[in-house]
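Chemist: need the 3D shape of this:
(chains A and B)
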Amino acid sequence: MALCDFDKISADLSLKMKKINTVVEEWPTRLKLQLGEKGAEAEFRLLLGSGYTTTEHYVEWKRTLGRPGTSTRDVGDTEEKFSATKRANCDILASMRCTRCVDAPVYAPDEDIGVVYCSRDCQTRDWQNHKPQCNVLERRKKLIRIATILKATLLAYRECVFDIDLESIEFRDGTLRLLMGSTHDRPFHTHFPSHLTANLEHREVALANNQCTLAMALLGPLARQLLTGKSANYVPFYLR
Amino acid sequence: MGYLGTRDTLSLLTPLMQSQQRNPHATLITLYINAVMEMVKQQPGKEQAPDMKFLSNYLAFDKMSLLFMKDPDTWMHNAEMLRIWDARNLPLDANKYFKRQTQPLKTLMVRLLSRC
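Modeler: Numbering: from 1, shown residues only, chains lettered A, B, ... in the order given. Below you'll find the predicted structure:
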């Protein structure tokens, strides 16, 4: 693990490290008894004989308030855009949105998915009316979150199990060219040649190119688990 | 081996968490298994050495005989030595090393200030 600044990560991702863990112990495998206390020696021997490194550390993160898309937020300078969308029950200029479906992906450019409310009461009164649409939108949000994770999984896998003799990646005249080497022997399980491009999109194209079968084979179980919302049991497997 | 790291993992999984308003208990937990020891490895040799004074309270070993083992072949395969080496994590102030890793700026400031 390289040095990584947790304060910066927290700020960038609108997260907060909990000062005191509330779910799991922070250092569950360290020595807990003081030298000389009853059972201290037995504890020492138990830990020494265990498979633990005894420096296992759990960090708990929670979201901070005010992250865009997670709260009933003020539309502010984009008010014009939203005031044009349909308003629930009243004619008051409203700027609050339903937290459940805000920021759901729009499927068609002219689709109108914005519902704004002037107050909590206003939202409550409109709930029966909004509910069916809200359910659909929440499912869309879930779907895009799952797709993001699945994509990241596939790309991470391909990065370390790359089997194409790629020589260069060129973008010319609106076409991305992936140039292969002359060898017919496909290298097996090599790392993706990251030095070929600094462009993130080009990199993703090269990684995902022609991988539909792999995606289906690799992501099926994970996709099913994410879709059913079951807590997933992951068995870590190490490549190489 | 595929390695994502804290930042990528959190940026991918944070959107799956419910907001604080919907569920104030929503929590993401990350586990670090090697971080402390990796930080220790980057410290000067003196800090990497096992804390013999502490370990001698728990493990019975003959300090003098270990001291006179000059031949690397002897001490590298010596059972007592291996046990001490395995136990070296136990007396560590793991929190200190974890903070060094994850709050590099703060740690540096504290170190500089403590010298003043």
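Chemist: rest of the way, CA atoms for contacts and neighbours
Modeler: OK.
Chemist: what about residue B:65, neighbour count?
Modeler: As a burial measure, the neighbour count of residue B:65 was computed by other CA atoms under 10 Å in any protein chain shown and equals 8.
Chemist: what's the strand or helix carrying it in contact with?
Modeler: According to DSSP states H and E, residue B:65 maps onto helix B:63-67. When contacts are defined by CA atoms under 8 Å, 6 or more residues apart in numbering or on different chains, helix B:63-67 is touched by residues B:75, B:81.
Chemist: for it, C-alpha coordinates in PDB please.
Modeler: As requested, the backbone C-alpha atoms of helix B:63-67 are provided in PDB (Å, rounded to 0.1, in the frame of the first residue of the first chain):
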ATOM      1  CA  LYS B  63      20.000 -13.500  24.800                       C
ATOM      2  CA  MET B  64      23.700 -14.300  25.000                       C
ATOM      3  CA  SER B  65      23.500 -17.200  22.700                       C
ATOM      4  CA  LEU B  66      21.600 -15.200  20.100                       C
ATOM      5  CA  LEU B  67      24.200 -12.400  20.400                       C
END
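Chemist: gap between it and the chain center?
Modeler: Averaged C-alpha coordinates place helix B:63-67 at 26 Å from its chain's average position (CA atoms, centre = their mean, to the nearest Å).
Chemist: repeat for stretch A:121-136
Modeler: So, by CA atoms, centre = their mean, the centroid of stretch A:121-136 is 28 Å from its chain's centroid.
Chemist: for it, list every residue counted as buried.
Modeler: If you call a residue buried by 16 or more other CA atoms under 10 Å in any protein chain shown, then stretch A:121-136 has these buried ones: A:122-123, A:134.
Chemist: of the residues you listed, which ones also sit close to chain B?
Modeler: When the buried residues of stretch A:121-136 are filtered against chain B using CA under 8 Å from any CA of the partner chain, no residues are retained.
Chemist: out of these, list just those in helices.
Modeler: Secondary structure from DSSP state H places A:122-123, A:134 of the buried residues of stretch A:121-136 in helices.
Chemist: I'd like these laid out as a markdown table, including distance to residue A:25 and pLDDT.
Modeler: As requested, these are arranged in a markdown table below (distance: CA to CA, whole Å; pLDDT from 0 to 100):
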| residue | distance to residue A:25 | pLDDT |
| --- | --- | --- |
| A:122 | 43 | 83 |
| A:123 | 40 | 84 |
| A:134 | 38 | 89 |
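Chemist: tell me which residues of stretch A:103-115 come out buried.
Modeler: Buried residues in stretch A:103-115, counting neighbours by 16+ other CA under 10 Å, are found at A:103-104, A:113-115.
Chemist: and the residue with the largest distance to the centre of chain B, what element?
Modeler: Here chain B reaches farthest from its C-alpha mean at residue B:22, the gap being 36.4 Å by CA atoms, centre = their mean. With the criterion set as DSSP H and E, no secondary-structure element contains residue B:22; it sits in neither a helix nor a strand.
Chemist: I figured residue A:56 hits residue B:89, correct?
Modeler: No - with contact taken as CA atoms under 8 Å, residue A:56 and residue B:89 are classed as non-touching, separated by 10.6 Å.
Chemist: what's around residue 40, how many residues?
Modeler: No chain specified, so I'll use chain A. Applying other CA under 10 Å, we find 16 residues neighbouring residue A:40.
Chemist: that was the other one, I meant chain B.
Modeler: Taking other CA under 10 Å as the criterion, the count of residues near residue B:40 is 21.
Chemist: tell me how far it lies from chain A.
Modeler: 11 Å (CA to the nearest CA, to the nearest Å).
Chemist: can you give the domain ranges for chain A?
Modeler: Residue ranges for the structural domains of chain A, counted by automatic domain parsing, are given in the record as A:6-63, A:76-147, A:152-228.
Chemist: would you map the helices across chain B?
Modeler: Using DSSP H, the helices found in chain B span residues B:5-13, B:35-41, B:45-48, B:52-55, B:63-67, B:72-76, B:79-86, B:94-102, B:104-115.
Chemist: let me have the ones you listed in CSV, extended by distance to residue A:164 and mean pLDDT.
Modeler: Output for the helices of chain B, formatted as CSV (distance: least, CA to CA, whole Å; pLDDT from 0 to 100):
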stretch, distance to residue A:164, mean pLDDT
helix B:5-13, 25, 86
helix B:35-41, 33, 89
helix B:45-48, 42, 82
helix B:52-55, 52, 88
helix B:63-67, 53, 72
helix B:72-76, 43, 72
helix B:79-86, 42, 85
helix B:94-102, 36, 87
helix B:104-115, 39, 66
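Chemist: output the ones you listed as CSV; include the columns distance to residue A:208.
Modeler: Converted to CSV, the helices of chain B look like this (distance: least, CA to CA, whole Å):
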stretch, distance to residue A:208
helix B:5-13, 18
helix B:35-41, 31
helix B:45-48, 43
helix B:52-55, 52
helix B:63-67, 56
helix B:72-76, 47
helix B:79-86, 43
helix B:94-102, 33
helix B:104-115, 36
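Chemist: tell me which of these lies nearest to residue A:36.
Modeler: Residue A:36 sits nearest to helix B:52-55 of all those, at 11.8 Å, using CA to CA.
Chemist: quick one: that closest one to chain centroid distance?
Modeler: Here the centre of mass of C-alpha atoms in helix B:52-55, compared against the chain's by CA atoms, centre = their mean, lies 17 Å away.
Chemist: what residues of it count as buried?
Modeler: Using 16+ other CA under 10 Å, the residues of helix B:52-55 that count as buried are B:52, B:55.
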